[in-house]
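1. The following block contains a protein sequence and its predicted model.
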2 protein chains.
Amino acid sequence: MHTVKEAAQITGLTEHAVRFYTDKGLVPSVQRNQNNIRMFDEESINWLHGVKCLKQSGMSIEAIKTYVDLCLEGESTIPQRSVLMMEHKETALAKLEEAKRHVVHLEEKTALYQAILEHRTPDTTNPGSWDKVRHMHAEVFYSRSV
Amino acid sequence: MHTVKEAAQITGLTEHAVRFYTDKGLVPSVQRNQNNIRMFDEESINWLHGVKCLKQSGMSIEAIKTYVDLCLEGESTIPQRSVLMMEHKETALAKLEEAKRHVVHLEEKTALYQAILEHRTPDTTNPGSWDKVRHMHAEVFYSRSV
DNA sequence: TTACTATCCTCGTGTAACACGAAGGCAAGC
DNA sequence: GCTTGCCTTCGTGTTACACGAGGATAGTAA
């Protein structure tokens, strides 16, 4: 049997998160002792690990709650759970694609800044060169390529 | 000159977001007319586009505010802005790697569910096969491979 | 026994980036 | 004069906790 602090240490969650998850019903096996203190057995620790895992993969607390409740209903809900996971995988894939676009876009921006800095240094004696820099600067900020 | 609604239509933001950004000082060129109504000229629209672009790439409002303020200070801040962008690119890269891990993990989970469903169907007449399903189910939920 | 320390509890507020709706003002058209 | 449609501000709701306050309890040291 473990306390909140121990459960937090074991799972790598914060104590706040552990209390939050148990209060949300994501750890169905957790009990309270006579002093109203949360007691985590091995099964509770396993649930915490599972919740953490789903959370880290981007699932919302609400969705995890739904999933946990389905688990409690037994094996008959396995098809539903499978569907849930597939859907969640799709949203994770969409996020991945979005992240890729962001990186590409930011690489363009930083490349433009590098170009500005390179052009700027050698031409400080040439007033006309600032026009180019200004133009490039506008390009950097307003680029809409996301 | 455009109103909030028009600016929202032009930039593809919601009216709420447009008001929010202007009130946060992310659109320095915006003015109010005698009826206290926000008026957006072309420069304001450009700022909105720029803010939207940075936001979509995952930058926080606070960081965008810092960046906008640096822009207003003039070309002397270009090196600082360049550094900011590089740092932001690094965080975006980190998010990208995280998203990749999530997808890999979820692909494993959904594959396990598929395996369960395939094993379950043909063996409903064999009571012993449920042990395997139960074991695999535990694997699915508790897998800590994130 | 008293005191101190460590831990636990609950409860309330703060965060980010808006979404949403209420209540009210203003101009234009019928 | 009234409705329509847009604008304004303000206040609350959202998510997933973080953080601290205030108070209880349990174990240990003097």
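-> Perfect, I can see it now. Numbers count the residues shown, from 1 in each chain, chains lettered A, B, ... in the order given.
2. ok, so what distance separates residue A:91 from DNA strand C?
-> Relative to DNA strand C, residue A:91 is positioned 18 Å away (C-beta to the nearest atom of the strand, to the nearest Å). Glycine gets a C-beta too; all of them are placed from N, C-alpha and C.
3. swap that for residue A:18, please
-> According to C-beta to the nearest atom of the strand, residue A:18 and DNA strand C sit 8 Å apart.
4. So the residue nearest the centre of chain A: helix, strand or coil?
-> The residue lying closest to the centre of chain A (C-alpha atoms, centre = their mean) is residue A:58, at 4.9 Å. Put simply, residue A:58 is coil when judged by DSSP: H, G, I helix; E, B strand; the rest coil.
5. Could you measure from it over to residue B:43?
-> Taking C-beta to C-beta, to the nearest Å as the measure, residue A:58 falls 38 Å from residue B:43.
6. Stretch A:54-67 spans what distance, first to last residue?
-> End-to-end distance for stretch A:54-67, by C-alpha to C-alpha, to the nearest Å: 10 Å.
7. Please see if that stretch touches chain B.
-> Yes: on the criterion C-beta under 8 Å from any C-beta of the partner chain, stretch A:54-67 is in touch with chain B at A:56, A:57, A:58.
8. can you give me how far stretch A:68-86 is from the chain middle?
-> Stretch A:68-86 sits 23 Å away from the centroid of its parent chain (C-alpha atoms, centre = their mean, to the nearest Å).
9. Same question for stretch A:24-33.
-> Here the centre of mass of C-alpha atoms in stretch A:24-33, compared against the chain's by C-alpha atoms, centre = their mean, lies 24 Å away.
10. next one: stretch A:46-60
-> Centroid separation between stretch A:46-60 and its chain, computed with C-alpha atoms, centre = their mean, is 11 Å.
11. okay, and for chain A, where does confidence drop off?
-> Along chain A, segments meeting pLDDT under 70 span A:120-146.
12. got the domain boundaries for it?
-> The record, using automatic domain parsing to delimit domains, assigns chain A the ranges A:1-73, A:93-146.
13. deepest of those domains, which one?
-> Most buried of these by mean neighbour count (mean count of other C-beta atoms under 10 Å in any protein chain shown) is domain A:1-73; its value is a mean of 17.
14. what's the span of that one, first residue to last?
-> Domain A:1-73: ends 25 Å apart by C-alpha to C-alpha.
15. hmm, that domain in reach of DNA strand D?
-> Yes: with C-beta under 7 Å from any atom of the strand as the criterion, DNA strand D is reached by domain A:1-73 at A:14, A:16, A:17, A:20, A:21, A:35, A:55, A:60, A:61, A:62.
16. For chain A, what lies in contact range of DNA strand C?
-> By the rule C-beta under 7 Å from any atom of the strand, the part of chain A lying against DNA strand C is A:3, A:4, A:5, A:6, A:15, A:19, A:36, A:37, A:38.
17. hmm, try it at 10 Å
-> A:2-9, A:15-16, A:18-20, A:22-23, A:30, A:32-33, A:35-40 (C-beta under 10 Å from any atom of the strand).
18. Among the residues you listed, name the ones in strands.
-> A:32, A:38, A:39 (DSSP state E).
19. Out of these, which comes closest to residue A:111?
-> Looking at these and their distance to residue A:111, the nearest is residue A:38, at 52.4 Å (C-beta to C-beta).
20. hang on, that closest one packs against residue A:4?
-> Yes: counting by C-beta atoms under 8 Å, residue A:38 does reach residue A:4; the two are 5.6 Å apart.
21. what helices or strands is the longest helix along chain A leaning on?
-> Secondary structure of chain A per DSSP state H: the longest helix is helix A:78-120. Packing contacts for helix A:78-120, counted by 3 or more C-beta pairs under 8 Å, 6 or more residues apart in numbering or on different chains; DSSP states H and E, involve helix A:61-73, helix A:129-142, helix B:78-120.
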